[in-house]
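> Got a sequence here, can you model it:
(chains A, B and C)
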Amino acid sequence: MAIASDAPKDGFRLSMLIYDTRFRSYTIQVIVLILVFLAVAWLADNTIKNLAAKDKDIEFGFLWNRAGYDIGQQLIPYTNDSTHFRAAVVGLLNTLVVAFFGCILATIIGVFAGVLRLSNNWLVARIMTIYVEVFRNVPLLLWIILAYTIFSETRPAPSDFRVTDAMIAEGTAPKASMYLWDSVAITNRSSDIPAPLLSRPLGGFELWGVYVSFSVLAVIAVIVASVLGNRALQARAKAIQESTGVRPTTWWQSLLILFAPVIVLLVAMGFHLEYPVLKGFNFQGGIAVAHSFTALLVALSLYTGAYIAEAVRAGILAIARGQSEAAFALGLRPGRTMNLVILPQALRVIIPPLISQYLNLTKNTTLGIAVSYLDLKGTLGGITLNQTGRELECMLLMMLTYLALSLIISSLMNIYNTSMKLKER
Amino acid sequence: MQEESVFFVRGEMINPRSAPSSQSGTVKWLRDNLFSGWMNSILTLLGISFVIYVIYASLPWLLNGVWRANSLSECRAIIEASAGPGAEGACWALIRERWHQFLFGFYPPEEYWRPVLAFALMFVALAPVLYSDNRRSMLIMVGGVGVLLFLAMVALDGSVGHIVFTVLVMAAMLALAYAAPGKLFWVTLLFPAIGFYLLWGGSVWGPIGALFGFGIVAAAYMLLQDRLGVVVSTALGFLLACLWWLFVQTHVTTALQGMMPIGLPGVDSDQFGGFLLAFVIGVAAIAGSLPIGILLALGRRSDMLLIKTLCVGFIEFIRGVPLITMLFTASLLLQYFLPPQTNFDLILRVIILVTLFASAYIAEVIRGGLAALPRGQTEAADSLGLDYWQAQRLIIMPQALKISIPGIVSSFIGLFKDTTLVAFVGLFDPLQGITKIVRADINWKGVYWEPYLFVGAIFFVFCFGMSRYSMYLENKLKTDHR
Amino acid sequence: MADQTARKMEVSDEVAIQITNMNKWYGTFHVLRDIDMTVQRGERIVICGPSGSGKSTLIRCINRLEEHQQGHIIVDGTELTSDLKNIDKVRSEVGMVFQHFNLFPHLTILENLTLAPIWVRKTPKREAEEVAMHYLGKVKIPEQAHKYPGQLSGGQQQRVAIARSLCMKPRIMLFDEPTSALDPEMIKEVLDTMIELAEEGMTMLCVTHEMGFAQAVANRVIFMDQGQIVEQNEPKEFFNNPKSERTKLFLSQILGH
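Model prediction:
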């Protein structure tokens, strides 16, 4: 074997910086780095000059000052005496809560609409097509504003719900009535829904100004345990199937394991609903859900649902017809074909666009400002910004928060993608 | 010996016969498509009742619509008079009175011909991009746009001078498309300046001066590219152009304007509104984001770590934040980042930020197009001795862009819908800005369905049309010569 | 030797390609090991071997579609180093034909052929088109000049690809399995074109399994396995009297049926 020698090393010439593939990329990168540095320096210099001209500086101390404004919907205790920081946290939670419920609702709507669009029922498929096309091709803002306007301008005032003695005597109905066995009232002010309450709660403690309830923790723990138990049951069923070839029927056991413990716990804690009741000029009791929240939720989930429907449809269509034919030819029944062959492949196609729709939905919650929904944009990027005049700091914090949210969601997607990737050569 | 012979020969061919009656006809269709099982039947009944409900709820309202009235109360009076007390109806009179605001905002009515002409020229500019190899389609498109433009002009603008002028312009375009379809590409290149001039007006020398800068870039590229390579020559040209734009242009254009004062009446940015604004922002942002998006996509595929990191960082940052934050950056923060005392138009600032926003999305679309190209294309270009930029320009980009057109169109649809968000920084978008003004009018207080339906319908027509067109393109791409 | 000279294909003493001690790795995988090879001008070499043996990588190194890490490759007196100018020079003298043709689908056949002459050689368009038509005539499809690649059959596309390389007037042609993506009835038309080219004295390196072609035109057959040259010989000797066990096994597998 001859001793291998390296490529020739003749002297270094300046032209090699450009014409030699080993150095060329470094030359380019150094130039780019210098240009980027210059650009950043220019921007920073401008910013400093501008700030100086306006007699401003960059500091985040304002976050700990008194906010001085009220927020209608608050998931953690907040008053106008709280700090700007707490206002921002309340806003962020409002963003998250509408995004969370929006994602769930949109998924349900989207899966239904997507599957029904492929159904061989001509009428239903057409209706779903119209739904998808109408919602996808009209701005989301219109749906939000329209939903809000309909709620707040067409719904009756609380006083219209009043039933007077005279009405009972005459046998006439009030102008408006509540829904779902008198449990939900939608007025022009808010939607009043029953509040879940416990008569024998387990207590709790305060942590960083947030009340942590043992009852909620207990419910969560029981649900997690039930899910794990159900998984163990399924694993046992699978083991039995693998050893004997017959899969035992487990659906009623699953139902029992999943739901019985939670119900028992809730009954033990004295779970009951508090219904909204008309008192004076307004409904009391229950939970008053602001129309800004409802409108945003409805519009976001219908709009995103249309996109999810498309993703679901595309995912199912992407699975070549040959796959189901092959499964049928092997003698699998349609249900099993769906479970074992189609769905595992379709999910692989559906989940990435689904998650990017979740991402879009989360970013679109910012449109809540159109109906004065105080999310992160409304608090930190809205009222706080206007009150303190600290545009740079507020915008920076807000953008970074949204960026962090997006990055978390998209890194989840990447983890999923790598774990689900088809093993190919 | 009893073995049967397998020999067979057909003496006469069998002619096709019609299928048995159970295989065709309305009953068969109904059974197959609506009542093929109990589940399907239930769905069908639900669907029918839903449709009936919708019709029952909206049809009287639509039928009772009133087109001529001066206020909402007058509308209601007319409806009650004609359809009986308690009847409800649409009050289209509002649209009749305010449609021009929804379309043009506060643009001076006597100048409506300018945005309309610019809109028509936009299609002329698009023609060579969409039908590069087909003169017939180009002619049909230019001719069709010309006819529509003529009708729109007659309906909008009584002025004979304007009508004659626009007809002459379109006739020139048609002649150009007929005689030298390749030359129509110049219209595409010049369109940004033409469009800007038509919309904002003012001195004609401003846009010409700006174009001259691009001429400098092109000239530097042509002259130096052989010796210095693509990047360096373009950069040098750009540097020269910047010098021209920053230091020389204003002097030259003011002097020229002093000698030859040619121009259209200027229109201020705050007079823009409605769908005009939506189109200006959407089209400018997409057009501007294409070159940036191409560079970002190439950078993201580069094997130079720094460039790749910069591009990925930019793209992911933009895609991670909501558009609204970009708009607020335009309205609140951009003034901090630019040299003191630079103060320019809000629409322009919004366009810049929306362009950056769109370019991240376009970059991802183009990256998809690039990934779809087989590796062999680059290798073949390399083995023929083409350098990187030649390969990109002649081989890779023409194909990747063509594959990406559907994605670009859907980005445009998304962006067009998102232009409604500019209302939050104080511009008059058709949905929030204009509708709010209309609904605040004392005469029309209390209407909500009509303006939203009107605006929504226009959005729907444009977006749906574009999405169908991109689907058509996608199907055509699949079957095209490949 | 006697029937070798009978084919009027002469090999000059001039060296076209000189490869010494060349090594290449993909990551940690050693794809090419100590390759030593000299190609004389006018030589026609067929390289064969099982898949994954590195034969495609070897000829892709010759116009630097792949980078080698050790050793020297000198093509027509120009050493392939990381110097871009040398790479450009080599590439414009070496033509390459790919397994999957790699024609540019968005350009017509004529545009495919004139692209590189116009942009790399800076030939006037008219002249480039004349040259292109000449070579299209040579590969016997001048009538297809204004069609798009997708409208041609595989065999026609491959002949266009050969013509495209020839338009650059290369001194060396590399063929990377030019017939293995083709239907059997189209293989012959491509091989005929290649044989014609060989008869004109073109220096050719051809990765192929077409043993008939090797016997007809090659003056050397190289057998590669596991990234190294295992055996090389004149075609007649190579096929009738292989020396190495690996070669025998390989030949029995591809000629066995």
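> which residues of the stretch 1-150 of chain C fall in strands?
Counting by DSSP state E, counting those that start in this stretch, the stretch 1-150 of chain C has strands at residues C:15-26, C:29-40, C:44-48, C:70-75, C:78-79, C:94-97.
> brain fart, the stretch 151-257 of chain C
Using DSSP E, counting those that start in this stretch, strands in the stretch 151-257 of chain C cover C:172-176, C:203-207, C:220-225, C:228-233.
> Of these, which is nearest A:Arg247?
Proximity to A:Arg247 (Cβ to Cβ) singles out strand C:220-225 among the strands of the stretch 151-257 of chain C, at 50.7 Å. No exception for glycine: its C-beta is placed from N, CA and C like everyone else's.
> separation between the closest residue to B:Leu149 other than its chain neighbours and C:Val217?
The spatially closest residue to B:Leu149, leaving aside those adjacent along the chain, is B:Ala120, at 4.1 Å (Cβ to Cβ, 6 or more residues apart in numbering or on different chains). Distance from B:Ala120 to C:Val217, counting by Cβ to Cβ, to the nearest Å: 63 Å.
> just A:Ser177 next, same as before
95 Å.
> got it, and B:Val354?
In terms of Cβ to Cβ, B:Val354 sits 63 Å off from C:Val217.
> Let me see the backbone angles for A:Lys279.
phi -130, psi 120 (degrees, to the nearest 10).
> how deep is it tucked in, by neighbour count?
For A:Lys279, the tally of surrounding residues (other Cβ atoms under 10 Å in any protein chain shown) stands at 10.
> A:Phe85 is in what secondary structure piece?
If you go by DSSP states H and E, A:Phe85 is part of helix A:84-117.
> tell me which residues in that helix are buried?
Using 16 or more other Cβ atoms under 10 Å in any protein chain shown as the test for burial, helix A:84-117 gives A:84-99, A:102-103, A:105-107, A:109-111, A:113-114, A:116-117.
> The helix or strand following that helix and chain B in contact?
Using DSSP H and E, the helix or strand that follows helix A:84-117 in sequence is helix A:122-136. Yes: residues of helix A:122-136 contacting chain B under Cβ under 8 Å from any Cβ of the partner chain: A:122-124, A:127, A:133-134, A:136.
> show me the residues around the residue lying closest to A:Asp160 once chain neighbours are set aside that make contact.
Distances taken as Cβ to Cβ, 6+ apart put A:Lys175 closest to A:Asp160, at 3.9 Å, once the chain neighbours are dropped. Neighbouring residues of A:Lys175 by Cβ atoms under 8 Å, 6 or more residues apart in numbering or on different chains: A:156, A:160-161.
> rewinding a little: same for chain B: which of the buried residues of helix A:84-117 are within range?
Answer for the buried residues of helix A:84-117 near chain B (Cβ under 8 Å from any Cβ): A:Leu116.
> Let me know how buried C:His146 is, in neighbour terms.
10.
> Excluding chain neighbours, what is closest to it?
Nearest to C:His146 is C:Thr108, by Cβ to Cβ, 6+ apart, at 5.4 Å.
> Quick check: phi and psi on that neighbour?
phi -70, psi 170.
> Isn't it up against C:Gly150?
No: contact between C:Thr108 and C:Gly150 fails when scored by Cβ atoms under 8 Å: they sit 10.8 Å apart.
> More neighbours: which of those two?
Remark: of C:Thr108 and C:Gly150, C:Thr108 carries more neighbours, 18 against 13, as counted by other Cβ under 10 Å.
> distance of that one from A:Gly335?
53 Å.
> Any figure for the gap between the residue in the stretch 151-257 of chain C positioned nearest to chain A and C:Arg64?
Residue nearest to chain A within the stretch 151-257 of chain C: C:Gln228 (10.5 Å; Cβ to the nearest Cβ). Relative to C:Arg64, C:Gln228 is positioned 21 Å away (Cβ to Cβ).
> Many thanks, we can stop here.
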